[in-house]
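Asks: Build me a model from this:
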Amino acid sequence: MDGEKKESEGTGAANPLTRKLNKILNGDGVKGMQGPSEDVVEALRGLSGFFKSNTKRARANLRGDLERRSLIVNEEFLAALEGVHKKLETVHGDIQDLSKCCADMSSRLQAARADTKQLIQKTTSLEQESNTVNIQRDVLGLFMDRFVLRDEEKKALLPSARELSEEFFAAFARAKTIHEDCKVLLRTSHQRAGLSIMEAMAALQESAYERLYRWTQTACRGLNSEMPEHPALLCRAFGMLRDRPVLLQYCMKDLADARRNVASRAFIDALTRGGPGGVPKPIELFSHDAVRYTSDMLAWLHQCVASERELLSFLLAPPPTPDAPISRRRVIDIKMLPVADQEALLTALDHTMEAMCRPLKVRIEQVLAGDPGLVVCFKLAGVLQFYAATIGGLAGETAALSALLTELRSNTLKMCFDALSVQANGLLAKVEYPQPDLSTPLALDTTLDMLRQVLASQDSTVSAADIHRAELTKILTCVLDPLMHMCALSSSKLPPAEMATFMLNCHDRILSCLALFEFTEDKASQISQQSSAHLATLVAEQGRAMLEQSGFGDVFAVLQAWEAIPEPRPALSSMPSLDATTLAMALARLADYAAALGHTRPCPQCDLLVSTRHREFVLREAVQAFLHLYSRLHTRLAAEGQAALLGKRTPDQIASLLS
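Replies: Numbers count the residues shown, from 1 in each chain. Prediction:
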């Protein structure tokens, strides 16, 4: 058995197929650990289909069986390929026939191409010529649109049509644009065409300008209503005529003439007839009231100037953009207009308003000739100044109406100052003696009331500050200088204290009037300086009376005489009137005087002062002068050790006693 086993092992080892199968089935290394692959499993599964018994003979015939089965499979595959080969031969024959057909078609195309080559070349040439002609046609169309007027535009510019329309202005603007664009042609090789078109457009423009000028003249003369509407076509016409300054000037003259007649007629109607239905009432109904009468006339003229200026500025104002409709035009400040348009507008406005100058001047001169009174004249001057500045800002300072108002104001002021001079001469011609109570005279009160009304009327003027100050200074000088002179003459025969009291009462009345108004500081300062001199007189009089009534008059006289003695001087206490008895009596009288000081004044003139401030000032300064003398006396006696002569009354105690 051992021998058979060894033989079997030897046979198995010698058979390569067996070794390979064992190697595949058993595996070695890592692959053996993974097991047989799917291909091996599939091969074994196929082998199991015909390998039924695992005998030695079956294993010996296994290779032959496999080869036979492979041969059968190949034969079957060959039989299947035989049918495919026949079909491929059929397809190859069809392809050969198709190739022959394509070759025939190609030869026929080559023949056709050779036959139609000339036709294609001619067709291409004609197509290129057609494209060139189309481009030229488009260029010509664009050229005609830009440099040639259309038939309807030419028809709109013809002089046969009587009325102008928007089509006329559109065609006119297009003709101007074409004329300007032709300048571009002159810089190219098309100079002949440019010159020809420019000549044609220039002729059309001249004809259109002539027609436009005639129509504008007629339209301007037709603006004969008080409140004309702003016609859109007339605005366009003025805009077109701006390129012809001479024609524009003629049209502005016609417009100014038409508006002049309308404004003049409306002014006369406002004066005599009033508004529609009598509202507002005729201005001349108030001719008895000089200020209202003049104000109403000037207010009407101001409104007229504003409306006429608005009309002119609307006609001359350009639209916001060149293509903007007229409805978008707006009234603008004339300073935004060109200088030439500004001058034309102001000239036309001046010519329009000049017609009202004569009737206005006649009526205001009649008012002044009626002697309305000094205050009314100053009010009229203020009204004239206000409207001269207001209307001058609208119509220009050099306008006839502005110059007339300035002239009338100057005449009114001259009349006012003449009246002031006459009144001042009247004050000096009849000087009244002061009343016993030294109160202000009636002429002073009347004149100051008039001055207050005059200054109040001047506060409403609109003149420059320096001019206003100069006029007020002139008024104050014309009124106050004669008034002060009258007061001085009236009090010239009075004693000094009474004269000072009277003048202070007059000055206080004048200063209270001036304090209500501006630009009166200089005059008030002059009067205050004069008042200071009169106050000093009253202070001296009050001090003298205090010294007499207090009993210290002789004492202070001795003190002043002693101080005038040169060194060496005798002791002050040894001087007469400075003994203990005299000083004691003086101190007792001083105490009685201080007790009565709250009820009476040592100087009766001070009680007649109207101003409480002046009375307090006089008393305060007199007391201070008395205290100063007493302090000197006390100091001198104290230096000699004789302060007891004053009963130990210090200056502070005396000041407390007199307070």
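Asks: Give me the mean pLDDT for the top helix by length along the chain.
Replies: Of all segments of type helix in the chain, defined using DSSP state H, the longest is helix 62-147. The pLDDT scores in helix 62-147 average 85.
Asks: on contacts alone, who are the packing partners of it?
Replies: Secondary-structure packing of helix 62-147 (3 or more C-beta pairs under 8 Å, 6 or more residues apart in numbering; DSSP states H and E): helix 166-186. The C-beta positions use only the backbone N, C-alpha and C, and glycine is treated the same way.
Asks: Alpha carbons only: can I get the helix it packs on in PDB?
Replies: Extracted in PDB, the C-alpha atoms of helix 166-186 (Å, rounded to 0.1, in the frame of the first residue of the first chain):
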ATOM      1  CA  GLU A 166     -46.300 126.400 -35.200                       C
ATOM      2  CA  GLU A 167     -45.400 124.800 -38.500                       C
ATOM      3  CA  PHE A 168     -44.000 128.200 -39.600                       C
ATOM      4  CA  PHE A 169     -41.700 128.400 -36.600                       C
ATOM      5  CA  ALA A 170     -40.700 124.700 -36.900                       C
ATOM      6  CA  ALA A 171     -39.800 125.200 -40.600                       C
ATOM      7  CA  PHE A 172     -38.000 128.500 -39.800                       C
ATOM      8  CA  ALA A 173     -35.900 126.800 -37.200                       C
ATOM      9  CA  ARG A 174     -35.100 124.000 -39.500                       C
ATOM     10  CA  ALA A 175     -34.000 126.400 -42.200                       C
ATOM     11  CA  LYS A 176     -31.700 128.100 -39.800                       C
ATOM     12  CA  THR A 177     -30.300 124.700 -38.700                       C
ATOM     13  CA  ILE A 178     -29.700 123.800 -42.400                       C
ATOM     14  CA  HIS A 179     -28.000 127.100 -43.000                       C
ATOM     15  CA  GLU A 180     -25.600 126.400 -40.100                       C
ATOM     16  CA  ASP A 181     -25.000 122.800 -41.100                       C
ATOM     17  CA  CYS A 182     -24.000 123.900 -44.600                       C
ATOM     18  CA  LYS A 183     -20.800 125.400 -43.000                       C
ATOM     19  CA  VAL A 184     -19.700 121.800 -42.500                       C
ATOM     20  CA  LEU A 185     -20.000 121.100 -46.300                       C
ATOM     21  CA  LEU A 186     -17.800 124.100 -47.000                       C
END
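Asks: The following helix or strand past it: how far from the chain's middle?
Replies: For helix 166-186, the following helix or strand on the C-terminal side (DSSP states H and E) is helix 191-221. Distance of helix 191-221 from the chain centroid (C-alpha atoms, centre = their mean, to the nearest Å) equals 42 Å.
Asks: Start at 58, not 1
Replies: With the count now opening at 58, the last piece we talked about shows up as helix 248-278.
Asks: Determine the number of other residues adjacent to residue 357.
Replies: Residue 357 is flanked by 18 other residues according to other C-beta atoms under 10 Å.
Asks: circling back: buried residues of the helix or strand just after the longest helix of the chain, list them for me.
Replies: Per DSSP H and E, the first helix or strand lying C-terminal to helix 119-204 is helix 208-214. Neighbour-count burial for helix 208-214, counted by 16 or more other C-beta atoms under 10 Å, picks out 210, 213, 214.
Asks: Contacts only, for the nearest residue to the first one once chain neighbours are set aside.
Replies: The spatial neighbour of residue 210 that comes closest, neighbours along the chain excluded (C-beta to C-beta, 6 or more residues apart in numbering), is residue 228 at 3.8 Å. Contacts for residue 228 (C-beta atoms under 8 Å, 6 or more residues apart in numbering) come out as 206, 209, 210, 211, 213, 214.
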